[in-house]
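Participant: need a structure here:
(one chain, ligands or ions: 1)
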Amino acid sequence: MFLVGSKIDIDPEPWVAELIKASPIAGVVSNPRLDDNPIVACNQAFCDLTGYGEDEVVGRNCRFLAGPASEPWLTESIREGVREKKPVLVEILNYKKDGTPFRNAVMVAPIFGDDEELTYFIGSQIELTEDSAGPSLNRRVRASLKIRDLSPRQLEVLQLVAGGLRNKQIAWELGLSEKTVKMHRGIAMEKLGVQTSADMIRLAVEAGI
Ligand SMILES: Cc1cc2nc3c(=O)[nH]c(=O)nc-3n(C[C@H](O)[C@H](O)[C@H](O)COP(=O)(O)O)c2cc1C
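Facilitator: Numbers count the residues shown, from 1 in each chain. Just a heads-up that it's a prediction; the model follows:
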């Protein structure tokens, strides 16, 4: 199921839905052009992870996941990424709706519009089952290994996708047609075993590219 908000003035553009829709990983999209950068879309995996319903999520800033023992310096890292429009990945203590704390490996990354203006942020949340760096370290290693399967061109495309660019801008940057970019992007997604752009961006950030 894909959930789109209706409570706020601006509904997300249709392509925004596709960023997280089919992902098995919890995901939200926020709109920094609206007051307080509210969530405009979330996927089912996000509701399953956090226990919140769509109607409790859309229209609110994602800070409701933080709580008394959330590490202020990690929140500051996210804030800094948002401020500087750069991807961040932190493992912060968050809280589910019923108050259960969990270690959240959260990635937040900007998405730029055709005019190169910041348009959205993607947030992608993974619960770490143990309170240690182990699970996410494994994800990082796996991400780095997967990226090795890409051709140099596919890697370039991945880097630009992870930088928040859309196909049109990537085509322009690389001097390729949009169709060719789509092809490289499709093959890269297949090789990386990801279903959505949000997952592709997450993997690139985990691999540190
Ligand atoms: C798309 C997006 C997703 C976010 N996801 C989380 C999250 O999962 N957990 C969290 O603690 N903060 C998350 N944040 C950060 C909070 O929204 C907020 O910026 C942060 O808690 C700082 O709060 P403040 O504005 O009150 O200082 C996310 C931010 C964005 C833009």
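
Participant: hang on, isn't Val29 packed against Pro110?
Facilitator: No: using CB atoms under 8 Å, Val29 makes no contact with Pro110, being 11.1 Å away. Where C-beta positions appear, they are placed from N, C-alpha and C, glycine not excepted.

Participant: which residues of this structure lie near the ligand?
Facilitator: Contact residues, the chain versus the ligand (CB under 6 Å from any ligand atom): 28, 30, 37, 61-63, 65-66, 70, 75, 78-79, 82, 92, 94, 104, 106, 108, 121, 123, 125.

Participant: beta partners of the residue in the chain positioned nearest to the ligand?
Facilitator: Closest contact between the chain and the ligand, by CB to the nearest ligand atom, is at Gly123 (2.5 Å). Gly123 forms beta bridges with Val28, Val108, as assigned by DSSP bridges.

Participant: quick check: it vs Asp115, distance?
Facilitator: Using CB to CB, to the nearest Å, Gly123 is found at 23 Å from Asp115.

Participant: so these two - more neighbours on which side?
Facilitator: Neighbours per residue (other CB atoms under 10 Å) separate Gly123 from Asp115, with Gly123 holding more: 23 against 7.

Participant: that's a helix at Glu91, yeah?
Facilitator: No: counting by DSSP: H, G, I helix; E, B strand; the rest coil, one finds Glu91 to be strand, located in no helix.

Participant: for it, which non-adjacent residue is spatially closest?
Facilitator: Ala105 (4.9 Å; CB to CB, 6 or more residues apart in numbering).

Participant: so who does the one you found touch?
Facilitator: Applying CB atoms under 8 Å, 6 or more residues apart in numbering to Ala105 gives the contacts Leu89, Val90, Glu91, Gln125, Ile126, Glu127, Leu128, Pro135, Ser136, Arg139.

Participant: just those: which has the poorest pLDDT?
Facilitator: Ranked by pLDDT, those bottom out at Pro135, which scores 59.

Participant: what is the burial count for Gly175?
Facilitator: When neighbours are defined as other CB under 10 Å, Gly175 has 7 of them.

Participant: so who does Gly123 touch?
Facilitator: Applying CB under 8 Å, 6+ apart, the residues near Gly123 are Gly27, Val28, Val29, Ser30, Ile39, Cys62, Val106, Met107, Val108.

Participant: my read: the first one touches Cys42, true?
Facilitator: Yes: the pair Gly27 and Cys42 passes the contact test of CB under 8 Å, sitting 7.0 Å apart.

Participant: give me the more crowded residue out of those two.
Facilitator: Shown here are Gly27 and Cys42; by other CB under 10 Å, Cys42 has more neighbours (28 against 25).

Participant: who does that one form a beta bridge with?
Facilitator: Assigned bridge partners for Cys42, using DSSP bridges, are Leu3, Val28.
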